[in-house]
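Have a look at this prediction, sequence included:
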Amino acid sequence: MKGKTTFYLLLLVVALGAFIALVERRGVSTDERKERAARAFRIQPETVTYLAIEMGEMSIECQKQEGHWFLTAPFRARADAGVIDRLLSHMSGLTSGEIVTEEDRRGRSLTLRDFGLEAPRGQIVYGDEHVRQTVLIGRDALVGNRLYVKEASGTDILTTETNLLSVLPGAVLDLRDHVLVHEQPSSIRRIDISRQDGFLQLTSDTAGRWMIQQPLATRADSQAVADLLSKIARARIADFVANEASDLSPYQLAEPAVTVSLWTDLEDKAVSFKLAESPGPDAAFVFAKREDEDSVMTVPVDLLRRLQVKVDDIRDRALLDRPLYEVDRLDIREDESRLLIEREKDGTWRMLEPLRERAEGDRVETFVMAWMSARISVFHDNPADLAAFGLDHPSRRVSFRFSRSEMRTVTDETGPQTETVTILLGEEDPGSTNLFVMLEDEGTVYTVAPILGDSVRLDASYFRSRTVMSLREEDIRRVTRTIGGEEESVERGADGVFVMQKGYSDQSSLQRLVQIVSKLRAVEFVADNTKDLELFGLDAPRAEITFWLTGESGISRTIYLGAETDDGGAYATLRGQETVFTLSSNTVKSLSRPWTTEKPVADEGVLEQKADRKGTEPFPGFGD
């Protein structure tokens, strides 16, 4: 019997221990309980959705609705969330000092009147829609800069810091929200501006590009729209002149000068406000009213002036506001002629029409960037006569294909997203060098500054790659040159040193020669498929230079130099081609410089010799 009793007692102890452990784990720690006991108020600011304050004759009631604080008494208006949050945070941090229980008061023959709590000087009510706590504020304690407070539902009186009074509003105005619009500019997707001179509507896509929808459909200047939204977001209310205005006529708001409605990507309902006409040219403020409250306030007149912006001032003046890296095709047409250039996968450009040649990347990209940065100076909307602009039957057009391959998703198998924009070129603006243009899918004519005037014409030679020959330096093993019927030859050894059959080789001149032809650059192309080489002195070339290569048996490259050009260069062509181009004077000097020197030079000094030393002047007729 005794053993059975001991067993049951043991089970009871174990169960009790488990219960205590469970409660301790789910409850708060000892330190947390001490900290809570030290606080004057049981308040968690983030959970509070109701706040009422009575101090003397002032009575204020606030509620948090859909994430925003509103005054609900003595009238409805937006409340300053920052002021309320600071008040609640301050209250949560106040400490509890002396605690006077009901038993203590009876023992000392004290009543609530002795603590200023029979007719408290104020009270604070806070909580949510279900549970609310009322705190009564009594008189100041005799010592310690503290005051007496008491929860209305409790019996204990405690002291807390007197600075509670400093964070309480002294008037309803202290809790008024002075921000006109709280919505962030980045969240706005639509703007409606109704004015006495018409209606302006703008919309934005998810990428942040803005379009004007009314009074006409066209592109908007996204930066100008961003500046406008920033001006609205920074607007502050200067003063509240009427709390519940049923008649708006005295404030010129019955027929406002401007009404603004803003839609965000999160709300179906617009945020709206209206502004009155300025009372005079020197006025600093105008009357305003928010749609969600009956108060009339004043705001700086600068906001009104900014909202009276002309449509043209907010239009996109960039003809093609797109990045260079998105362009992968350039198509220029004039009558039946066509110039087509595409970007290769490696980033280089290649001409496909009228020639299949490498294109000069710098010139292509300079041309593209000129159009991408072209600015519109005048808009000609809905022109009645396109012939007046030379655009009734435009003979010239420039098309750009934009590819957005970086926007492809993993599951997208359709290839890069592309878009082609075509610019129709009209006549020059009379009295200026500006040009009339229009986009093929738009009805507006634009006046733009001339775009690389001499290269807008269809000119394949302008865009053609000026690299006419490209050799690997290490592949060059022998070079022969004939000038005036005399031939000379130089061999390159395995050590990279050039050796002549007669005389001493000038390593500096030969190394420079190899460097030049490794990427031989023309200045300009002057003729294609020409049979009349005599015009350029190439029927009987003044010099012939052949480079023999290793790794490709029998392969060689030959340059012919013809007559001298006006700038000291020379006309030239390559064996097997019928294209004539010009070379610069410096290139001609390097190709014609003597290969021999009067005496041998130490290897370590070969490359340090001066180009103008004795015996290295060019042959007569080349750069003299």
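Done, it's in.

Could you use CA atoms for every contact and neighbour count after this?
OK.

what's the neighbour count on residue 245?
15 (other CA atoms under 10 Å).

which element is it on?
Following DSSP states H and E, one finds residue 245 outside all helices and strands.

That one and residue 493, how far apart?
Applying CA to CA, to the nearest Å, the value for residue 245 to residue 493 is 100 Å.

And for residue 213?
Distance from residue 213 to residue 493, by CA to CA: 74 Å.

same question, residue 270
Taking CA to CA, one finds residue 270 at 82 Å from residue 493.

do the same with residue 566
On the measure of CA to CA, residue 566 and residue 493 end up 39 Å apart.

what does residue 511 give?
13 Å.

swap in residue 46?
Taken as CA to CA, the span from residue 46 to residue 493 is 85 Å.

And for residue 111?
116 Å.

which SS state does residue 106 fall under?
helix (DSSP: H, G, I helix; E, B strand; the rest coil).

and if you look at residue 333?
strand.

low-confidence ranges in the chain?
Along the chain, segments meeting pLDDT under 70 span 1-37, 266-267, 405-416, 451-457, 551-554, 599-624.

Residue 392 - how many residues pack around it?
Residue 392 has 11 nearby residues by other CA under 10 Å.

Repeat that for residue 180.
Residue 180: 21 surrounding residues under other CA under 10 Å.

and if you look at residue 129?
10.

Identify the bridge partners of the residue nearest to residue 77 when sequence neighbours are not counted.
Excluding its sequence neighbours, the residue lying closest to residue 77 (CA to CA, 6 or more residues apart in numbering) is residue 71, at 5.1 Å. On the basis of DSSP bridges, residue 71 is bridged to residue 62, residue 77.

if I read this right, residue 71 contacts residue 80, doesn't it?
No - using CA atoms under 8 Å as the test, residue 71 is too far from residue 80 to be in contact (9.0 Å).

Find residues that contact each of the two.
175-176 (CA atoms under 8 Å, 6 or more residues apart in numbering).

Show me which of the two is the more surrounded one.
The neighbour comparison of residue 71 against residue 80 (other CA under 10 Å) goes to residue 71, with 22 against 19.

Can you list the residue ranges for helices in the stretch 301-450 of the chain?
Secondary structure of the stretch 301-450 of the chain (DSSP state H, counting those that start in this stretch): helices at 301-307, 361-372.

no wait, the chain
Counting by DSSP state H, one finds helices in the chain at the ranges 2-26, 30-38, 81-93, 102-107, 164-167, 222-234, 301-307, 361-372, 460-463, 507-518, 585-592.

Check this protein for its longest strand and report it.
strand 418-428 (DSSP state E).

starting at the chain centroid, how far to that strand?
Strand 418-428 sits 26 Å away from the centroid of its parent chain (CA atoms, centre = their mean, to the nearest Å).

what comes up buried for that strand?
The neighbour-count check on strand 418-428 (16 or more other CA atoms under 10 Å) flags 422-428 as buried.

Would you confirm that residue 291 contacts residue 269?
No - at 11.3 Å, residue 291 does not count as touching residue 269 under the criterion of CA under 8 Å.

More neighbours: which of those two?
residue 291 (15 against 10).

How about residues contacting stretch 490-504?
476-480, 489, 505, 507, 510, 596-600.

got the contact list for residue 517?
Counting by CA under 8 Å, 6+ apart, residue 517 has contacts 469-471.

if we go to 10 Å?
467-473, 476, 547, 557, 559, 587, 590-591 (CA atoms under 10 Å, 6 or more residues apart in numbering).

where's residue 58 relative to residue 76, distance?
From residue 58 across to residue 76, the span is 15 Å (CA to CA).

So the two - more neighbours on which side?
Neighbour comparison, residue 58 and residue 76: the larger count goes to residue 76, with 17 against 13 (by other CA under 10 Å).

right, and residue 293 touches residue 77 too?
Yes - assessed by CA atoms under 10 Å, residue 293 is found in contact with residue 77 at 5.5 Å.

wait, doesn't residue 374 sit right on residue 448?
Yes - the criterion here is CA under 10 Å, and residue 374 meets it with residue 448 at 6.8 Å.

Quick check: end-to-end length of stretch 518-525?
19 Å.

Not counting its own residues, what contacts that stretch?
Contact with stretch 518-525 is made by 460-462, 464-476, 512, 514, 569-573, 579-585, 587, as judged by CA under 10 Å, 6+ apart.

List buried residues within those residues.
Buried, going by 16+ other CA under 10 Å: 460-462, 464-469, 471, 473, 476, 512, 514, 569-573, 579-585, 587, out of the contacts of stretch 518-525.

returning to what we had before: got the buried residues of strand 418-428 as a markdown table, with distance to residue 309 columns?
As requested, these are arranged in a markdown table below (distance: CA to CA, whole Å):
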| residue | distance to residue 309 |
| --- | --- |
| 422 | 30 |
| 423 | 29 |
| 424 | 30 |
| 425 | 30 |
| 426 | 30 |
| 427 | 31 |
| 428 | 30 |
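
Identify, from these, the entry nearest to residue 441.
residue 422 (8.1 Å; CA to CA).

ok, the closest residue to the closest one other than its chain neighbours - how many residues close by?
Leaving aside its sequence neighbours, residue 422 sits nearest to residue 399 (CA to CA, 6+ apart; 4.1 Å). Using other CA under 10 Å, residue 399 has 18 other residues around it.

same deal with residue 95?
17.
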